[in-house]
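[1] I'll drop the sequence and a predicted model, then ask my questions.
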Amino acid sequence: MTVVVTGATGRFGRLVVEELLRRGVPAGNVVATGRAVERLSDLAERGVVVRRADYGDPESLLAAFAGAERLLFVSGNETGKRIEQHRAVVAAAARAGVGLVAYTSIVHADTSDLVLAAEHARTERMLAESGLAHVLLRNGWYVENYDIPAAVAHGLFGAAGEGRISAAPRADYAVAAAAVLVGDGHAGRVYELGGESFTLAELAAEVSRQSGRDVTYTDLPEHEYAASLVGAGLPEALAAVLADADRGAAKGGLHVETDDLVRLLGRPVTPLADVVRAALS
Ligand SMILES: NC(=O)c1ccc[n+]([C@@H]2O[C@H](COP(=O)([O-])OP(=O)(O)OC[C@H]3O[C@@H](n4cnc5c(N)ncnc54)[C@H](OP(=O)(O)O)[C@@H]3O)[C@@H](O)[C@H]2O)c1
C-alpha cells in the first residue's frame, strides 16, 4: 500500500512519516512530500520516496500523488491563501484516483466561529463534493503552541478566559493520523481529536508547581492580547488569528468531549504534566 504524506517537510507530517515507518510500512511505500524537499534528504537515505508537492503548482501535486492508495493531506500554513491551495490538492487527488484522503482539519470545523476554521470548513466541503473517499482528522490545539519556558520567565498571557482547551502534543495527533492511514474502516468518519483539557489558569498552575516559580495566567481582552503578541514579534495577521482563537476558546471552541484521540492511539493521551516536565527539562 502506497501512502503519500503532504507537509512532510513540516513538524506534523515528519512525525507521521516516522510513525508509518515504525508501524512497518516499507519505506519504499511511503512518499514524503513538501516544497522544501531538501529537508527530507535523511528520509530519502532511509528509502522513503521523496517528491516535491507545491499546493500552488497543480502539476507537481498530480505527479506527487501518482499511485497513492492513501493520502495524508496536511492543511497548509498560509492562512488566507488556503482555499485555492486546498482546491488544487483535492482536484489533484481526484485526478490521481487516490483511494482515501485523510485531511487535517480543526475541531468543530463545521460549526466553529474561529477565523481559523473557515478555510478548514471550506476544504471539508470540497472533499465532500469531490466524491473522494475521505476521513476528517479534526485536530485540536497543539500543546506546543504554549511556550512553557517563556511562561516561567514572563507569566502566561491569553484571552481564553475560563475556556477549557483540549490540547495534545503534535506527536499524539501524528500517531492517530498514522493509525488511520494504515487502518481500515475510516472512510466517511469525522474524528474530533483533543487531549487533556485545561484552562490557561490550570496550565499556569501546573507550570508553577513543576518549576517552583510563581507563574500566573493573565487574561486580556482579545485586542490587548493581539497587541501583546505583536509586541513579542509576531506578524499582525498571525497575532489576530491567535487572539481570535483564544476568543473562541473562551466559549469552548477548542474543547473536545469525544475520546476519539484515545481510541485511535490505543493508549491514553500524553498527560499535560508530562508535557510541562519535558518542556522544563
Ligand atoms: N492544531 C494546531 O494547534 C495547529 C497549529 C499550527 C498549525 N496547524 C495546522 O497544522 C498543519 C501542520 O502543522 P505543522 O506543525 O507541521 O506545521 P509546519 O511545521 O508549519 O508545517 C507546515 C507544512 O505545510 C507545508 N505547506 C505549507 N504550504 C504549502 C504549500 N503551498 N504547498 C505545499 N506544502 C505546503 C509546508 O511545506 P514546506 O515547508 O515544504 O513549504 C510544511 O511541510 C499546519 O500547516 C497548519 O495547517 C495546526
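    Looks like it came in fine.
[2] contacting residues around residue 138?
    Taking C-beta atoms under 8 Å, 6 or more residues apart in numbering as the definition of contact, the neighbours of residue 138 are 105, 106, 107, 108, 109, 120, 190, 191, 192, 193. For glycine as for every other residue, the C-beta is placed from the backbone atoms N, C-alpha and C.
[3] where does it fall, helix, sheet strand or coil?
    Reduced to three states with DSSP: H, G, I helix; E, B strand; the rest coil, the structure at residue 138 is strand.
[4] Just list whatever residues bridge to it.
    With DSSP bridges as the criterion, the beta-bridge partners of residue 138 are residue 105, residue 192.
[5] Whatever helix or strand residue 42 lives in - contacts with which helices or strands?
    In the assignment (DSSP states H and E), residue 42 maps to helix 41-45. Secondary-structure packing of helix 41-45 (3 or more C-beta pairs under 8 Å, 6 or more residues apart in numbering; DSSP states H and E): strand 49-52.
[6] buried ones in whichever helix or strand comes after the strand it packs on?
    If you walk from strand 49-52 toward the C-terminus, the next helix or strand you reach (DSSP H and E) is helix 58-65. Using 16 or more other C-beta atoms under 10 Å as the test for burial, helix 58-65 gives 60, 61, 62, 64, 65.
[7] ok, now stretch 64-78?
    Judged by neighbour count (16+ other C-beta under 10 Å), stretch 64-78 contains these buried residues: 64, 65, 68, 70, 71, 72, 73, 74, 75, 76.
[8] Okay, and which of these map to helices?
    Judged by DSSP state H, helices contain the following of those: 64, 65.
[9] Quick check: which of the buried residues of stretch 64-78 are also close to the ligand?
    When C-beta under 6 Å from any ligand atom is applied, the members of these adjacent to the ligand are 74, 75, 76.
[10] now the residues you listed in CSV, with distance to residue 239 and pLDDT?
    Converted to CSV, these look like this (distance: C-beta to C-beta, whole Å; pLDDT from 0 to 100):
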residue, distance to residue 239, pLDDT
74, 23, 98
75, 20, 98
76, 19, 98
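[11] Tell me how many other residues crowd the nearest residue to residue 56 once chain neighbours are set aside.
    Ranked by C-beta to C-beta, 6 or more residues apart in numbering and with sequence neighbours excluded, the top spatial neighbour of residue 56 is residue 85, at 6.2 Å. Residues lying near residue 85 (other C-beta atoms under 10 Å) number 18.
[12] What are the contacting residues of the host helix or strand of residue 85?
    Of the helices and strands defined by DSSP H and E, residue 85 is found in helix 82-96. Contacts made with helix 82-96 from outside it, assessed by C-beta under 8 Å, 6+ apart, are listed as 6, 55-58, 61-62, 64-68, 71, 73, 75-76, 78, 101, 119, 122-123, 126-127, 130-132.
[13] What about the buried residues of stretch 64-78, which are in strands?
    70, 71, 72, 73 (DSSP state E).
[14] Any chance of those in TSV with pLDDT as columns?
    Formatted as TSV, the entries for those read as follows, by pLDDT from 0 to 100:
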residue	pLDDT
70	98
71	98
72	99
73	99
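[15] how near is the residue nearest to residue 56 to residue 110?
    From residue 85 across to residue 110, the span is 20 Å (C-beta to C-beta, to the nearest Å).
[16] what do you get for residue 149?
    Where residue 110 is concerned, residue 149 sits at a distance of 36 Å (C-beta to C-beta).
[17] before we move on, what about residue 253?
    Counting by C-beta to C-beta, the gap from residue 253 to residue 110 is 13 Å.
[18] These two - which one has more neighbours?
    Applying other C-beta under 10 Å to residue 253 and residue 110 shows that residue 253 carries more neighbours, namely 24 against 13.
[19] ok, now which ones touch the closest residue to the ligand within the chain?
    For the chain, the residue positioned closest to the ligand under C-beta to the nearest ligand atom is residue 10, at a distance of 2.0 Å. For residue 10, the set of contacting residues under the criterion of C-beta under 8 Å, 6+ apart consists of 34, 74, 77.
[20] chain center to stretch 238-257: distance?
    Averaging C-alpha coordinates over stretch 238-257 and over its chain gives two centres that are 15 Å apart (C-alpha atoms, centre = their mean, to the nearest Å).
[21] Kindly report the same for stretch 148-160.
    In this view, stretch 148-160 has its centroid 22 Å away from the chain centroid, taken as C-alpha atoms, centre = their mean.
[22] Can you tell me what sits against it?
    Outside stretch 148-160, the residues within contact range by C-beta under 8 Å, 6+ apart are 146, 199-200, 203-204, 207, 211, 213, 215-222, 224-225, 228, 243, 246-247, 249-250, 254, 275-276, 279-280.
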